[in-house]
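> following is a predicted model, sequence given first.
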Amino acid sequence: MQKVQLGNSHLNVTKVCLGTMTWGEQNTEAEAHSQLDYAFERGINFIDTAEMYPVMVREETSGLTERYIGTWLKKTGLRDKVVIATKAAGPNAGITWVRGGRARDFDAANLKAAVETSLQRLQIEHIDLYQLHWPSRNAPIFGNNVFNPKQERPCIAIEETLATLDDLVKEGKIGAIGVSNESNWGVSEFIKQSEMKSLPRIASIQNLYNLTARHYETSLLDETCFRENVGLLAYSPLAFGQLTAKYLDDPKAHGRLNIFPPNWSPRYLRPGVVEATKRYAKLARDNGLTPTQLALAWCYSRWFVASTIIGATSLDQLKHNIDAYDIALPLDVIKQVDQIHADITNPGQ
């Protein structure tokens, strides 16, 4: 498995990253350990999690994902062989149980508490990549793709957040830092403040990217991150399973789009997403590929994707997802992907 340097950091990560957001909800601890074992055997050294996982986000299960990773690390003794990335949750009135019910934001008290609790659950002394899960400020995220200035709210200044992260780096509790669900402006502001104040520079951005959501390209984030050496960690490459076409083949298929409430992630149920999925699935099958292989091979092959975060609820799914890394898409298929994108642009954004 190829490794790349993540942005300007010292981290060398595999082009495929193991996502973990189902562990503790759709997957047991034993299943999580089996996935970790298998991914490591296949050469993957990069594991991504978050303090608020698993999803659905519930008080009863909060933090279980990090705990499962922690027990695996303790059992296997592989801490020095893997890169651990986790994320601090931003402001969200609906998540009242994280960090003892404190107002979740990126001030010193919150970030230090978040890091300490993640370290405890993971049973480690140092987090390799520490990410801000979503912006403190008003920004269009999670399917809201239009900025609305009327929704402005108090927020923690980026330079204040960077100063706290700097303290945590100096204390040896975190290494590289990254952002998630960020915009072009956000990336630029983080970099500007880090240069002006001699504070840590972001190494990565974890944003949505898949065949139905290519806003990363059209928003010029690809150019900004290229010129500023910020690596993209592409999440949701299968659009919560929609791009596997399993829901097209069987509307009652077991998966989060059926077992979770429809309002949990409505963007992947939009008519445009379903129509685009039909066309991508046909393109894949007409060329001897599964829809999953087409969707993942697309992400794996993009020049601006440092690592693609894959998740699975079974070892068979995980194997299929990793195997897609070896598929090279023909130029004609790439052209047809672009044509579908031109016809139905970013319906899942």
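Now that the structure is in, tell me what you want to look at.
> can we go C-alpha only for contacts and neighbour counts from here?
OK.
> show me what the strand or helix carrying residue 296 is packed against.
Residue 296 is part of helix 291-301 when elements are defined by DSSP states H and E. Applying 3 or more Cα pairs under 8 Å, 6 or more residues apart in numbering; DSSP states H and E, one finds that helix 291-301 contacts helix 271-286, strand 305-310, helix 315-323.
> tell me what angle it forms with strand 305-310.
Interaxial angle, helix 291-301 versus strand 305-310 (axes from the mean of the first three to the mean of the last three Cα atoms, to 10 degrees): 150 degrees.
> for the record, mean pLDDT for helix 291-301?
Mean pLDDT, computed over helix 291-301, is 98.
> repeat that for stretch 56-76.
Rounded mean pLDDT across stretch 56-76 is 96.
> buried set for it?
By neighbour count, with 16 or more other Cα atoms under 10 Å as the criterion, the buried positions of stretch 56-76 are 56-58, 61-73.
> export only the CA atoms of it, formatted as PDB.
Extracted in PDB, the C-alpha atoms of stretch 56-76 (Å, rounded to 0.1, in the frame of the first residue of the first chain):
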ATOM      1  CA  MET A  56     -26.000   7.600  15.000                       C
ATOM      2  CA  VAL A  57     -24.800   9.900  17.700                       C
ATOM      3  CA  ARG A  58     -26.300   8.800  21.000                       C
ATOM      4  CA  GLU A  59     -25.400   9.400  24.600                       C
ATOM      5  CA  GLU A  60     -25.400   5.600  25.400                       C
ATOM      6  CA  THR A  61     -22.800   4.800  22.800                       C
ATOM      7  CA  SER A  62     -20.700   8.100  22.700                       C
ATOM      8  CA  GLY A  63     -17.000   7.400  22.800                       C
ATOM      9  CA  LEU A  64     -17.200   3.700  22.100                       C
ATOM     10  CA  THR A  65     -15.400   3.900  18.800                       C
ATOM     11  CA  GLU A  66     -12.300   5.400  20.400                       C
ATOM     12  CA  ARG A  67     -12.500   2.800  23.200                       C
ATOM     13  CA  TYR A  68     -12.600  -0.100  20.700                       C
ATOM     14  CA  ILE A  69      -9.500   1.300  19.000                       C
ATOM     15  CA  GLY A  70      -7.800   1.700  22.400                       C
ATOM     16  CA  THR A  71      -8.400  -1.900  23.400                       C
ATOM     17  CA  TRP A  72      -7.100  -3.100  20.100                       C
ATOM     18  CA  LEU A  73      -3.900  -1.100  20.400                       C
ATOM     19  CA  LYS A  74      -3.400  -2.400  23.900                       C
ATOM     20  CA  LYS A  75      -4.000  -6.000  22.800                       C
ATOM     21  CA  THR A  76      -1.800  -6.000  19.800                       C
END
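> now do it: everything it contacts.
20-25, 29, 32-33, 36, 49-54, 79, 95, 97-98, 118, 121-124, 260 (Cα atoms under 8 Å, 6 or more residues apart in numbering).
> kindly report the same for stretch 134-141.
Outside stretch 134-141, the residues touching it (Cα under 8 Å, 6+ apart) are 89-91, 105-106, 146-149, 151-156, 179-182.
> measure it end to end?
8 Å (Cα to Cα, to the nearest Å).
> swap in stretch 44-51?
Per Cα to Cα, the first residue of stretch 44-51 is 22 Å away from its last.
> quickly find the element holding the nearest residue to residue 175 once chain neighbours are set aside.
In space, and not counting its chain neighbours, residue 175 is closest to residue 128: 4.9 Å by Cα to Cα, 6 or more residues apart in numbering. Following DSSP H and E, one finds residue 128 within strand 127-132.
> from the contact counts, what lies against that strand?
strand 83-88, strand 174-180.
> quick revisit: just the ones of the buried residues of stretch 56-76 in helices?
The helices, defined by DSSP state H, take in 64-73 from the buried residues of stretch 56-76.
> out of those, who's nearest residue 166?
Closest to residue 166 out of those is residue 66 (23.2 Å), distances taken as Cα to Cα.
> got a quick PyMOL command for the buried subset of the contacts of stretch 134-141?
Buried residues among these (16+ other Cα under 10 Å), as a PyMOL selection:
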select buried, resi 89+90+91+105+106+179+180+181+182
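> so where do the helices sit in the stretch 1-150 of the chain?
Secondary structure of the stretch 1-150 of the chain (DSSP state H, counting those that start in this stretch): helices at 29-41, 64-76, 108-122.
> which of the ones you listed sits closest to residue 209?
helix 29-41 (21.7 Å).
> still on that earlier bit, ok, the residue nearest to residue 175 - how many residues close by?
Counted with other Cα atoms under 10 Å, the neighbours of residue 128 add up to 21.
> alright, calling it a day.
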